[in-house]
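Chemist: The following comprises the amino acid sequence and a computationally predicted model.
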Amino acid sequence: MKQKFELQFLLKTSPNILESKVSTASGLGEWFCDDVTVKNGIYFFRWDNVAEEALLIEHKKQQFIRFQWVEDRDNGLETYFEIATMYDSLTQEITLTIQDFCAPEERQNSIMLWDQQIGNLKRLIGS
């Protein structure tokens, strides 16, 4: 059984720049994985020689994007991973919230992976 977890990160960037990095195949391919392609509404995320397929569930520009792994959907799981953003006009910071699911024994590894990926994103956008 997979359990939901949530992580938050503060970023200094413009909402438009961040939107392009979290919602496009080319943007995601710069920090989330090695390469992303989209075919017939399915996103193919590649790390080295491993590919994972995900469906875009919902996207609200500069608010959130939510994907579901095809394997989870095929197994009847109601899981997803979501990247949400909230812009604070006073501080000009963006709170990036990650929601994801994993098995309890994989929680620490999943958190470390997201930390690494968001670190890549921060370097990419100069945050």
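Modeler: Structure received.
Chemist: where does the residue of the chain positioned farthest from its centre land in three-state SS?
Modeler: For the chain, the largest distance from the centre (CA atoms, centre = their mean) belongs to residue 90, which lies 25.4 Å off. Here residue 90 is coil, with the state taken from DSSP: H, G, I helix; E, B strand; the rest coil.
Chemist: Spatially nearest residue to the residue nearest to the spatial centre of the chain, not counting backbone neighbours?
Modeler: Ranked by distance to the mean C-alpha position of the chain (CA atoms, centre = their mean), the top residue is residue 83 at 4.7 Å. In space, and not counting its chain neighbours, residue 83 is closest to residue 22: 4.8 Å by CB to CB, 6 or more residues apart in numbering. The way it works is simple: take the backbone N, C-alpha and C, and place the C-beta from them, glycine included.
Chemist: What does that neighbour show for phi and psi?
Modeler: Its backbone dihedrals place residue 22 at phi -110, psi -10, with angles given as degrees, to the nearest 10.
Chemist: got a list of contacts for the longest helix belonging to the chain?
Modeler: Determined from DSSP state H, the single longest helix within the chain is helix 107-125. For helix 107-125, the surrounding residues in contact (CB atoms under 8 Å, 6 or more residues apart in numbering) are 3, 5, 7, 9, 11, 13, 17-18, 21, 30-32, 96, 98, 100, 102, 127.
Chemist: Mind jotting down where the helices sit in the chain?
Modeler: Assigned by DSSP H, the chain shows helices spanning 15-23, 25-31, 70-74, 107-125.
Chemist: Export only the CA atoms of the longest one, formatted as PDB.
Modeler: Meaning helix 107-125. Output of helix 107-125 as PDB, limited to C-alpha atoms (Å, rounded to 0.1, in the frame of the first residue of the first chain):
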ATOM      1  CA  ARG A 107       9.700   6.900   2.000                       C
ATOM      2  CA  GLN A 108      13.200   8.100   2.800                       C
ATOM      3  CA  ASN A 109      14.600   7.200  -0.600                       C
ATOM      4  CA  SER A 110      11.600   9.000  -2.300                       C
ATOM      5  CA  ILE A 111      12.200  12.100  -0.200                       C
ATOM      6  CA  MET A 112      16.000  12.100  -1.000                       C
ATOM      7  CA  LEU A 113      15.100  11.700  -4.700                       C
ATOM      8  CA  TRP A 114      12.800  14.700  -4.700                       C
ATOM      9  CA  ASP A 115      15.400  16.700  -2.700                       C
ATOM     10  CA  GLN A 116      17.900  15.900  -5.400                       C
ATOM     11  CA  GLN A 117      15.500  16.700  -8.300                       C
ATOM     12  CA  ILE A 118      14.400  20.000  -6.700                       C
ATOM     13  CA  GLY A 119      18.100  20.900  -6.100                       C
ATOM     14  CA  ASN A 120      18.600  20.400  -9.900                       C
ATOM     15  CA  LEU A 121      15.600  22.600 -10.600                       C
ATOM     16  CA  LYS A 122      17.000  25.300  -8.300                       C
ATOM     17  CA  ARG A 123      20.400  25.300 -10.000                       C
ATOM     18  CA  LEU A 124      18.600  25.400 -13.400                       C
ATOM     19  CA  ILE A 125      16.500  28.500 -12.600                       C
END
